[in-house]
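J.: sequence and predicted structure are below.
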Amino acid sequence: MPMCDRLKNLLTLNRFPRASKYDARWILDNEMGPNALWLAESLSQVMPLSPGMRILDMGCGRGMTSIFFAKEFGVTVWANDLWIPARDVWKDVHAAGLENRVFPITAEAHALPYADAFFDAIVSLDSFHYYGTDDTYLRYFSRFLRPGGRIGIVVPGLVRELRPPLPPYLTRRRGRQPPWWDPTECWSFHTAPWWRRHWEHTGLVEVETCAMIKDGGKLWLRWEHALAAGKHSFSGFPADPTVLRADRGRYLGFVRMVAEKAEGGR
Ligand SMILES: C[S@@+](CC[C@H](N)C(=O)[O-])C[C@H]1O[C@@H](n2cnc3c(N)ncnc32)[C@H](O)[C@@H]1O
């Protein structure tokens, strides 16, 4: 099969009909980790989004998901990121003709430039674990959401808690590459019950749904195959199908959580 057909096939899934329409090369060129469009569509399946809503896409990377939400649901998106400058995101927004509905912003997660209660909803794909595991972060972050609005995240997560010693496939060196499990980052991966407790404890939100995405490990592996099929060398995360194959969904996957901010909440 020609390379681009295989790539297209790998990125086409019945369960994600919206994401499957997008150009495979565009997805690879803008990727920063496991297919953000799959994660975004998965979130949209449990989180109501309607035209005209003001949405914060927190940690949007190169803005693919911001473009996706604006196009697919008619929402207006503030595409907030730290590592990718707003001017880079703007190029794609402009190319998509969404200049009036996607606004790229460069801002750090603890210094957000928005008015209190400005957003109708907040989404975050493969990003919240970088700053949101701090016990006090939700108090700060949720103030930008109007009471009754929803926050939805999808993060790399764990089917069950991991404790040292870790399974050898996670910690072995891969030739000259470091181990897949980067201890300075991966300990921010948690289970769905951990995330639920983390937010419920605060009393600021009511968690509506929190669970592993079905077959998340398989999705992640399929993504690794797509990177290989596209001969794509950059990934926000070490691409290594052997690790996900060895894991067989025992530990690795994605947690999806949606919560509603209490009416009368701060
Ligand atoms: C793995 S990338 C995912 C990007 C995008 N959501 C996607 O899935 O393609 C994580 C993103 O989180 C953002 N991020 C990490 N720490 C952040 C912080 N402290 N403040 C704002 N954004 C942050 C980074 O800028 C980065 O683009």
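T.: In hand now; what should we look at? Because the structure is predicted, anything quoted here is derived from the model rather than measured.
J.: for the lengthiest helix in the chain, what is the average pLDDT?
T.: Assignment by DSSP state H gives helix 216-229 as the longest helix of the chain. Across helix 216-229, pLDDT averages out at 94.
J.: cool, stretch 246-260 as well?
T.: Stretch 246-260 shows a mean pLDDT of 96.
J.: ditto for stretch 42-52
T.: Per-residue pLDDT over stretch 42-52 has a mean of 98.
J.: give me the buried stretch members for that stretch, please.
T.: Applying a neighbour-count criterion of 16 or more other C-beta atoms under 10 Å, one finds Ser42, Leu43, Ser44, Val46, Met47, Leu49 buried in stretch 42-52. Backbone N, C-alpha and C define where each C-beta goes, glycine included.
J.: and what of stretch 101-110?
T.: Those would be Arg101, Val102, Phe103, Pro104, Ile105, Thr106, Ala109, for stretch 101-110 by 16+ other C-beta under 10 Å.
J.: restrict those residues to contacts with the ligand.
T.: By C-beta under 6 Å from any ligand atom, the members of the buried residues of stretch 101-110 lying near the ligand are Ala109.
J.: closest to the ligand out of the buried residues of stretch 101-110?
T.: Checking these against the ligand by C-beta to the nearest ligand atom gives Ala109 as the nearest, at 3.3 Å.
J.: excluding its backbone neighbours, what's nearest the residue of the chain at minimum distance from the ligand?
T.: Nearest residue of the chain to the ligand: Gly61, at 2.6 Å (C-beta to the nearest ligand atom). Residue nearest to Gly61 in three dimensions, not counting chain neighbours: Met32, with 4.3 Å by C-beta to C-beta, 6 or more residues apart in numbering.
J.: same thing with Asp120?
T.: Distances taken as C-beta to C-beta, 6+ apart put Met53 closest to Asp120, at 4.1 Å, once the chain neighbours are dropped.
J.: look up how far Tyr114 lies from the one you found.
T.: In this view, Met53 and Tyr114 are 15 Å apart by C-beta to C-beta, to the nearest Å.
J.: quick one on the thing from earlier: export the buried residues of stretch 101-110 to CSV and tack on secondary structure and pLDDT?
T.: Formatted as CSV, the buried residues of stretch 101-110 follow (DSSP: H, G, I helix; E, B strand; the rest coil; pLDDT from 0 to 100):
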residue, secondary structure, pLDDT
Arg101, coil, 98
Val102, strand, 98
Phe103, strand, 98
Pro104, strand, 98
Ile105, strand, 98
Thr106, strand, 98
Ala109, coil, 98
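J.: ok, the lengthiest strand in the chain near the ligand or not?
T.: Using DSSP state E, we find that the single longest strand of the chain is strand 145-158. No: Strand 145-158 is not in contact with the ligand by C-beta under 6 Å from any ligand atom; minimum separation 8.7 Å.
J.: got a list of what the residue nearest to Asp120 touches?
T.: Shown in contact with Met53 (C-beta atoms under 8 Å, 6 or more residues apart in numbering): Phe73, Val75, Thr76, Asp120, Ala121.
J.: which neighbours does the helix or strand the last one falls within have in its sheet, and in what orientation?
T.: Under the criterion of DSSP states H and E, Ala121 resides in strand 119-125. Listed by DSSP bridges, the sheet partners of strand 119-125 and their directions read strand 54-58 (parallel), strand 145-158 (parallel).
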